[in-house]
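K.L.:
Whatever this is, show me its structure:
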Amino acid sequence: MKLHIESVKSFTLIENKFIDEYMPSADGEFVKLYLYLLRCAGSGTEVSVSSMADFFDHTEKDIRRALLYWERLHLLRLSYSEDGNISDICLLSEAHKIEKDAEPSVICDMTDKIRKKAVPPLDEPQDLFPSPSRVGTLQIREAGSRPNIKQLIFVGSQYKGRPLNSTEIRDIVWMSDFLHFEDDLIEYLMEYCVTRGSTSARYFEKVAGEWYREKITTVAKAKEGTKVYNKDYYTVLKALGISGRNVTPAETKYIDRWEHEYGFPMDIILEACSRTVLNAARPNFEYVNTILENWHAEHVTSLEDILKLDKAHERSSSAEKFSAHSRTAAAPARPVSRQPGTFSNIPQHDYDWPEIESRLGVKMRAFAGKKGD
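P.N.:
The predicted structure follows:
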């Protein structure tokens, strides 16, 4: 679309009423777009929805939303072509709002002439990701009256167990209006974050950003994209005291086997995890798997079956200990053989006493002979 004005000037005129009444309550991004339109109108710059999105690092939907905002305030008028694209933008003066029956004072009449020059695709650079800070106070206030936002705020408070604060409400509006997530996807995202043990707004924003970049816009796509969204996986991780990471493919195979092949309900799996934490040097899935394999072989189907196995094991262990003690008590004492005149508790030596006496006698006689000399 081409912007033009009767005289080209090196400055841009802004009505004081816009600064006094409209600018304070408008979102900052909306204000920047409006000023940019005035600037382009004065210089005759060719623009389009896509080129403005590229200039501001926004999505095209963000640009259309800003244009619709100013149209609702009667500061511009939009016209559309047969295919639904914006074909004309007419910036209106404040006088047009006062004299509605009069011919509007047109600052510029823009015909949509899409640039033929190549522009970077909007979905490639990650810098185009719309930050939550783009959600203005007025936009939050307006969105709060919408039934779907009210419902999402209620659901969020149920998941977190308390009323949502202003940042959390802003994030809901951000996901709905800027990321264009469906309501059920936002609910699912909140459930996903809570089941992972995190209720912080920063974590919500991180997950929402990842889904946005991966083009996950529905619950079905979220579930198809990866199995890590299954809350049972994170329930097991939490039971083992593992946090701060995703479930590995090997770990998901273990859990799938326990649930689908063995048919164990979650309470039995958690019982195995509890015993692993108490007995293993380091909680791990292999130890849990060994417990559950044994229970599967014993046809365990409930916690009551596990208690029966425990009691049977205790009886078996007690009987085995009693049998070992009985065998030890019944065994005859070993006879102790000893020579007369010896003590059983003193080690005996096999000395040749005559030889010793003979040697001592020789030494004594020799000593006596020397003394006589």
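
K.L.:
remind me which residues of this protein are low pLDDT?
P.N.:
By pLDDT under 70, the low-scoring segments of the chain are 1-10, 83, 93-129, 195-197, 224-231, 244-246, 319-354, 356-373.

K.L.:
again, 50 this time
P.N.:
For the chain, residues meeting the criterion pLDDT under 50 lie at 95-127, 228-229.

K.L.:
how about the strands in it?
P.N.:
The residue ranges that make up the strands of the chain, judged by DSSP state E, are 76-80, 86-92, 106-111.

K.L.:
My read is that residue 274 contacts residue 239, right?
P.N.:
Yes: using Cβ atoms under 8 Å, residue 274 and residue 239 qualify as a contacting pair, with a distance of 6.9 Å. The C-beta positions use only the backbone N, C-alpha and C, and glycine is treated the same way.

K.L.:
neighbour count winner among these two?
P.N.:
Each of residue 274 and residue 239 has its neighbours counted (other Cβ atoms under 10 Å); residue 239 has more, 19 against 14.

K.L.:
What's the local residue count around the residue nearest to the more buried one when sequence neighbours are not counted?
P.N.:
With Cβ to Cβ, 6 or more residues apart in numbering as the criterion, residue 239 has its nearest non-adjacent residue at 3.9 Å, and that residue is residue 273. The number of residues packed near residue 273 is 23, by other Cβ under 10 Å.

K.L.:
And residue 164, by the same measure?
P.N.:
As a burial measure, residue 164 scores 19 neighbours (other Cβ under 10 Å).

K.L.:
what's the answer for residue 269, then?
P.N.:
Other residues within reach of residue 269, judged by other Cβ under 10 Å, total 22.

K.L.:
With the one 10 residues further on instead?
P.N.:
Here the number of neighbours of residue 279 (other Cβ under 10 Å) works out to 10.

K.L.:
how about the helices of the stretch 201-350 of the chain, start to end?
P.N.:
Along the stretch 201-350 of the chain, the segments classed as helices by DSSP state H, counting those that start in this stretch run 201-213, 219-225, 231-239, 249-256, 266-279, 285-297, 303-330.

K.L.:
Need the winner for burial among these.
P.N.:
Using mean count of other Cβ atoms under 10 Å, the stretch among the helices of the stretch 201-350 of the chain with the greatest mean number of neighbours is helix 231-239 (a mean of 19).

K.L.:
and the direction of that helix versus that of helix 266-279, what angle?
P.N.:
Using axes from the mean of the first three to the mean of the last three Cα atoms, to 10 degrees, the interaxial angle of helix 231-239 with respect to helix 266-279 works out to 20 degrees.

K.L.:
Can I get helix 231-239 in PDB? Just the C-alpha atoms.
P.N.:
Taking Å, rounded to 0.1, in the frame of the first residue of the first chain, the C-alpha atoms of helix 231-239 are listed here in PDB:
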ATOM      1  CA  LYS A 231       1.300 -36.400  33.300                       C
ATOM      2  CA  ASP A 232       1.800 -40.000  34.400                       C
ATOM      3  CA  TYR A 233       5.500 -39.800  33.300                       C
ATOM      4  CA  TYR A 234       6.100 -36.800  35.500                       C
ATOM      5  CA  THR A 235       4.200 -38.400  38.400                       C
ATOM      6  CA  VAL A 236       6.600 -41.300  38.300                       C
ATOM      7  CA  LEU A 237       9.600 -38.900  38.100                       C
ATOM      8  CA  LYS A 238       8.300 -36.900  41.000                       C
ATOM      9  CA  ALA A 239       7.800 -40.100  43.100                       C
END
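
K.L.:
Across the sheet, point out what pairs with residue 88.
P.N.:
Beta-bridge partners of residue 88, counted by DSSP bridges, are residue 79, residue 111.

K.L.:
correct me, but it touches residue 78?
P.N.:
Yes: between residue 88 and residue 78 a contact is recorded at 7.1 Å, counting by Cβ under 8 Å.
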